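Novice: A structural model of the following input is requested.
(chains A and B)
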Amino acid sequence: MVDKQRISLDLGEDNIDLEELTGLSTHVYKPTVHQQKAMEEEGEKLGFVSRQSRKRPVRKRSPYTVQNNFKTRVGMKELLQEVSDRLETYDQETLELAMLALIEKEKLNDLLKKYNELVT
Amino acid sequence: MPVIVFASSKGGAGKTTACTILACEIAKQGKDKNIGVSVIDADPERNLSAWAKMEGRPENIRLFDDVTENNILDVIEEAQRQTPFVLVDLEGVASNTVTFALSQASLVIIPCQASQMDANKAVKVIKMIKNSSRMIGREIPFAVLFNRLSAAIITKTGRHLAEEFEGSGIDVFKCSLIERESFKSIFSFGGSIYTLGAKNKREQESIDKAGDNAKLFTEEVKRRLKQDIKPIEETRRTANG
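Specialist: Reported below is the predicted structural model:
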């Protein structure tokens, strides 16, 4: 009796072969952009938020930095605005375009070179 | 192909440990059958990647790192193309990466220590899973896995939480992962618990117990996958009406 061993009860469930599982279809599709957006919004309510670092939009600096005050005839200011409006440019650009036209008309080539250096 | 996601919005719940244990077991069982497993490290802490880059990682475990919320869906898709099993270790925070990964899961495992804090965070993930299920029009199977439990005693808090989950109809793994030195050691030495090597009989017994625990956990995961996912043929029949 001493040498004999009792059999143990096999209460464990049968193991599943991995190959059985590779034949399973998860049948999952990537969520559409619309679904992703909806999930983000719903997630946000529960505190699931974007943790990606966001690049701050860099504001382009204006090249127009020097102020130049000069007096004009009455109505000339409004005329400049009217021209700018028709050309769909700002007043500063209109003035530059006018200078360029004048430089080219008078063939002031040395100034044309300088103009190009300043504007480009 | 099953995608198993480990999620908890609390750090230290045991996501990476559970994920690594499961990956090693699947790799061990799949080695002779040429079955591989992909592990996706979607945690910026990169603990899983650190383990995977150490010597001794089973050859049939493939690592995917450098994961962000912008590419997580593509990475899961690519991993599915390469291996039949995909495990995703998520970050311990509530983020869009978690939201997107949940939508792709065949099974979500929510590791939870026997503490109220862990349980609260588990509930948060469960709410998110239910939301995602509703939005993508698919039931996402999930279960809570009690983790890092003492081998000797069940604490009052642990018992209370198990009853709370059960009372709320939340599925809990029958098996738990026990706090074992062998599970921690693999992150120091690399490889799996089977490559640790014991200096004496006592250490070997400890490794064996960890091995038994890992197997039990893996078998329950497999049973859950089998019960929740339809065979490909059946899915095709359903899709074709």
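Novice: neighbouring strands for the helix or strand containing B:Val86, and are they parallel or not?
Specialist: Secondary-structure assignment from DSSP states H and E places B:Val86 in strand B:85-90. Neighbouring strands of strand B:85-90 in its sheet, by DSSP bridges, are strand B:3-6 (parallel), strand B:37-42 (parallel).
Novice: Now tabulate those strands in CSV and tack on mean neighbour count and distance to B:Trp51.
Specialist: For glycine as for every other residue, the C-beta is placed from the backbone atoms N, C-alpha and C. Shown next, in CSV, are the strands paired with strand B:85-90 (neighbours: other C-beta atoms under 10 Å in any protein chain shown; distance: least, C-beta to C-beta, whole Å):
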stretch, mean neighbour count, distance to B:Trp51
strand B:3-6, 26, 14
strand B:37-42, 27, 9
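Novice: Minimum distance to B:Asp228: which of the ones you listed has it?
Specialist: B:Asp228 lies closest, by C-beta to C-beta, to one member of the strands paired with strand B:85-90: strand B:3-6, at 11.0 Å.
Novice: Can you tell me which residues in chain A are near chain B?
Specialist: Counting by C-beta under 8 Å from any C-beta of the partner chain, chain A comes close to chain B at A:13, A:15-16, A:18-28, A:30-31, A:35-36, A:38-40, A:42-43, A:46-52.
Novice: try it again with 6 Å
Specialist: A:15-16, A:18, A:21-28, A:30-31, A:35, A:38-40, A:42-43, A:46-48, A:50-52 (C-beta under 6 Å from any C-beta of the partner chain).
Novice: Okay, and which of the residues you listed map to helices?
Specialist: The members of the residues of chain A next to chain B that map onto helices under DSSP state H are A:Leu18, A:Leu21, A:Thr22, A:Gln35, A:Ala38, A:Met39, A:Glu40, A:Glu42, A:Gly43.
Novice: Quick check: chain neighbours aside, which residue is closest to the second one?
Specialist: I take that to be A:Leu21. B:Leu225 (5.4 Å; C-beta to C-beta, 6 or more residues apart in numbering or on different chains).
Novice: any weak-confidence spans in chain B?
Specialist: Applying pLDDT under 70 to chain B picks out residues B:229-241.
Novice: Strands along that one, start to end?
Specialist: Remark: strands assigned in chain B by DSSP state E are B:3-6, B:37-42, B:61-64, B:85-90, B:107-112, B:142-146.
Novice: relative to strand B:85-90, how tilted is the fifth one?
Specialist: Just to be clear, that refers to strand B:107-112. Here strand B:107-112 points in a direction 40 degrees away from that of strand B:85-90 (axes from the mean of the first three to the mean of the last three C-alpha atoms, to 10 degrees).
Novice: Strand partners (parallel or antiparallel) of strand B:107-112?
Specialist: Strands that pair with strand B:107-112, judged by DSSP bridges, come out as strand B:3-6 (parallel), strand B:142-146 (parallel).
Novice: what's the answer for the third one, then?
Specialist: Strand pairing for strand B:61-64, using DSSP bridges, gives strand B:37-42 (parallel).
Novice: Kindly export the partner strand (C-alpha atoms) in PDB.
Specialist: Output of strand B:37-42 as PDB, limited to C-alpha atoms (Å, rounded to 0.1, in the frame of the first residue of the first chain):
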ATOM      1  CA  VAL B  37       3.200  36.800 -32.300                       C
ATOM      2  CA  SER B  38       3.600  40.500 -32.700                       C
ATOM      3  CA  VAL B  39       3.900  42.800 -29.700                       C
ATOM      4  CA  ILE B  40       3.100  46.400 -30.200                       C
ATOM      5  CA  ASP B  41       4.600  48.800 -27.700                       C
ATOM      6  CA  ALA B  42       2.200  51.700 -27.600                       C
END
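Novice: re the thing from before, tabulate the strands of chain B (TSV), appending distance to B:Asn131.
Specialist: Output for those, formatted as TSV (distance: least, C-beta to C-beta, whole Å):
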stretch	distance to B:Asn131
strand B:3-6	15
strand B:37-42	19
strand B:61-64	26
strand B:85-90	16
strand B:107-112	13
strand B:142-146	12
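Novice: ranges for the helices of chain B?
Specialist: Under the criterion DSSP H, helices of chain B are mapped to B:15-30, B:47-52, B:72-82, B:96-102, B:116-136, B:156-167, B:181-189, B:201-228, B:232-239.
Novice: Save these as TSV, and put in distance to B:Val88 and mean neighbour count too.
Specialist: Below are these laid out as TSV (distance: least, C-beta to C-beta, whole Å; neighbours: other C-beta atoms under 10 Å in any protein chain shown):
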stretch	distance to B:Val88	mean neighbour count
helix B:15-30	8	25
helix B:47-52	10	21
helix B:72-82	7	18
helix B:96-102	5	26
helix B:116-136	13	20
helix B:156-167	23	14
helix B:181-189	18	16
helix B:201-228	14	17
helix B:232-239	22	12
